[in-house]
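Q: Need a 3D model of the sequence below.
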Amino acid sequence: MITPKASNNRNSASEASVIAGDLKITGELDCTGDVLLNGRVKGVVRCRELTIGPGGRLNGQVLADRIVIGGLLEGEADVRSVSLRKTAVVNGKIRYDSLEVEDGARMEGEYQHRSKTAAANGQKANGAAPGKTDKDGADKDNKNLLSGVAGG
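A: Okay, the predicted model is just below:
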């Protein structure tokens, strides 16, 4: 089972809001701390850190500082940090500053570095400069579509 990483904030891993495997929610979730999703959510999730466990499913939108995906995400996420575990299945549009992908994760959709989004909107970019490549020489162009990456 994937569990949220402990933090120094008042809402530590032991205090994360847990959506159990037998729970289905439709609507909006707003949390100032962490959320552990082992059940199903259809809607919008706003929190500091969202962890989607291997049995968890989210169909909708995520607005968070960090997301750890071990289950299914269908929709959009706008986050600072994304971590896709080997059991992750993602189909959607992800805007991020930092992206980590374990071997075996399945990704389909659009992955866009937020510095590109800021540059396109005329804002100052905080991440890598537009048009740059990562350390392995991979193109970070926001129009790239990734399909079947990391063992897909």
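Q: Show me where this protein has its strands.
A: 17-19, 24-30, 34-37, 40-52, 57-69, 72-84, 89-96, 98-101, 106-113, 145-147 (DSSP state E).
Q: and the fifth one with strand 72-84, angle?
A: Strand 57-69 runs at 0 degrees relative to strand 72-84, counting by axes from the mean of the first three to the mean of the last three Cα atoms, to 10 degrees.
Q: quick one: strands adjacent to strand 57-69?
A: Strands that pair with strand 57-69, judged by DSSP bridges, come out as strand 40-52 (parallel), strand 72-84 (parallel).
Q: Output these as CSV; include the columns mean neighbour count, distance to I19 and mean pLDDT.
A: C-beta coordinates here come from the backbone N, C-alpha and C atoms, glycine included. Compiled in CSV, these are given as follows (neighbours: other Cβ atoms under 10 Å; distance: least, Cβ to Cβ, whole Å; pLDDT from 0 to 100):
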stretch, mean neighbour count, distance to I19, mean pLDDT
strand 40-52, 21, 7, 96
strand 72-84, 20, 14, 96
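Q: Can you list the low-confidence ranges for the protein?
A: Low-confidence segments of the chain (pLDDT under 70): 1-14, 116-152.
Q: Let's have the strands paired with strand 57-69 in JSON lines, adding distance to D34.
A: Formatted as JSON lines, the strands paired with strand 57-69 follow (distance: least, Cβ to Cβ, whole Å):
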{"stretch": "strand 40-52", "distance to D34": "4"}
{"stretch": "strand 72-84", "distance to D34": "13"}
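Q: Of all those strands, which one comes closest to R95?
A: The closest of the strands paired with strand 57-69 to R95 is strand 72-84. By Cβ to Cβ, the value is 4.6 Å.
Q: who touches that closest one?
A: 52, 56-69, 88-102, 105, 107, 114, 150 (Cβ atoms under 8 Å, 6 or more residues apart in numbering).
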